[in-house]
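# Curious how this folds, go ahead:
(one chain, ligands or ions: 1)
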Amino acid sequence: MSLEEITSAVIAGQPEKVKELTQKALDEKIDPDSIINDAFIAGMNVVGKRFKEGEMYVPEVLMAAKAMSAGMELVKPLVTGQSIPSKGTIVIGTVKGDLHDIGKNLVAMMLEGSGFEVINLGVDVAPERFVAVAKEKNAQIIGMSALLTTTMLCMKDTIEVLKEEGLRDKIKVIVGGAPVSRDFAEEIGADGFAPDAGSAADLCEEILS
Ligand code: B1M
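As a prediction, the model looks like this:
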């Protein structure tokens, strides 16, 4: 069998098919690392690109992520203990006072699918928590999402806490969410802004390259 079959099933959002093909690949002694990189991540890269270009929509992206997770469940136990090469660690969350998480979770999935280790703190995350977890986990990037004009201001507070802790040079900050713009990101001193989930993955690659 070819890994391209798994890639196609990930893109098509078919969890059962991905599971079946992944099992087949493992039975054929295909290297689990290769299944992750050349089938799952390759598929999610295509999904990210299509989503960014408006060729795929939110429900399809969610199905693709679900399909990838179904395959990952089979492969993960085989690589636990081995170090899965990670492109970097990103702490992500929706800012304090904000409960919107659909877009943030899409970003998290796309980052995971691109090979980053993602620590998803959920919603209503205080600036101090973003910074404490990033410090504890040696994260290279903090990613903040906001959907309300009232809560997007909290992004600046996190940057202030990073400065107070002397970590501003070590940890990069990216921001996004419907009311957030490139100008706003610059104004608060963030390192980057992404308008959608696919661009967020590209941005993190760029920042860490
Ligand atoms: Co709310 N809501 N909501 N809501 N909600 C909006 C945001 C709103 C624009 C609706 C409106 O009035 N037209 C409005 C905000 C107005 C404003 O501030 N200007 C609003 C309001 C007012 C509220 C409440 C205050 C309503 C009330 O109770 N009176 C309340 C606030 C609760 C709170 O947070 N404290 C509220 C509640 C809710 C629900 C709980 C009902 C639900 C959220 C469910 C959930 O998330 N689990 C909800 C929803 C669903 C929406 C809308 C309809 C859809 C948001 C969404 O999921 N979009 C929204 C209206 C709208 O946007 N059309 C609205 C889909 C998602 C894929 O897009 O999140 O933009 P988005 O994410 C994109 C990009 O922005 C980007 O990538 C994603 C994928 O492409 N992105 C990032 C996002 N985060 C990123 C981070 C990055 C990079 C890119 O780097 C880290």
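# and the residue minimising distance to the centre of the chain, what does it touch?
Closest residue to the average C-alpha location of the chain: Leu111 at 2.4 Å, with C-alpha atoms, centre = their mean. With contact taken as C-beta atoms under 8 Å, 6 or more residues apart in numbering, Leu111 is in contact with Ile90, Ile92, Val118, Gly143, Ala200, Ala201, Cys204. Using the backbone N, CA and C atoms, a C-beta is placed for each residue, glycine as well.
# roughly how far apart are the most far-flung residue of the chain relative to its centre and Ala194?
For the chain, the C-alpha farthest from the mean C-alpha position belongs to Glu28; by C-alpha atoms, centre = their mean, that distance is 30.2 Å. With distances defined as C-beta to C-beta, to the nearest Å, the gap from Glu28 to Ala194 amounts to 38 Å.
# Start from the N-terminal end of this protein and give the strands.
With DSSP state E as the definition, the chain shows strands at residue ranges 89-94, 117-120, 141-145, 172-176, 192-193.
# CA atoms only: put the longest one into PDB for me.
The C-alpha trace of strand 89-94 is given here as PDB (Å, rounded to 0.1, in the frame of the first residue of the first chain):
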ATOM      1  CA  THR A  89       6.300  23.900  21.500                       C
ATOM      2  CA  ILE A  90       3.400  26.300  21.300                       C
ATOM      3  CA  VAL A  91       1.100  27.300  24.200                       C
ATOM      4  CA  ILE A  92      -2.300  28.400  22.800                       C
ATOM      5  CA  GLY A  93      -5.500  29.600  24.400                       C
ATOM      6  CA  THR A  94      -8.400  32.100  24.200                       C
END
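# Tell me the helices and strands packed up against that strand.
Strand 89-94 makes packing contacts with helix 102-113, strand 117-120, helix 127-136, strand 141-145 when contacts are defined by 3 or more C-beta pairs under 8 Å, 6 or more residues apart in numbering; DSSP states H and E.
# Pass me the low-pLDDT residue ranges in the protein, would you?
Counting by pLDDT under 70, the ranges of the chain that qualify are 79-85.
# What ranges does this structure have for its helices?
Listed in chain order, the helices of the chain (DSSP state H) span residues 3-11, 15-27, 32-34, 42-52, 58-79, 102-113, 127-136, 154-164, 182-188, 197-208.
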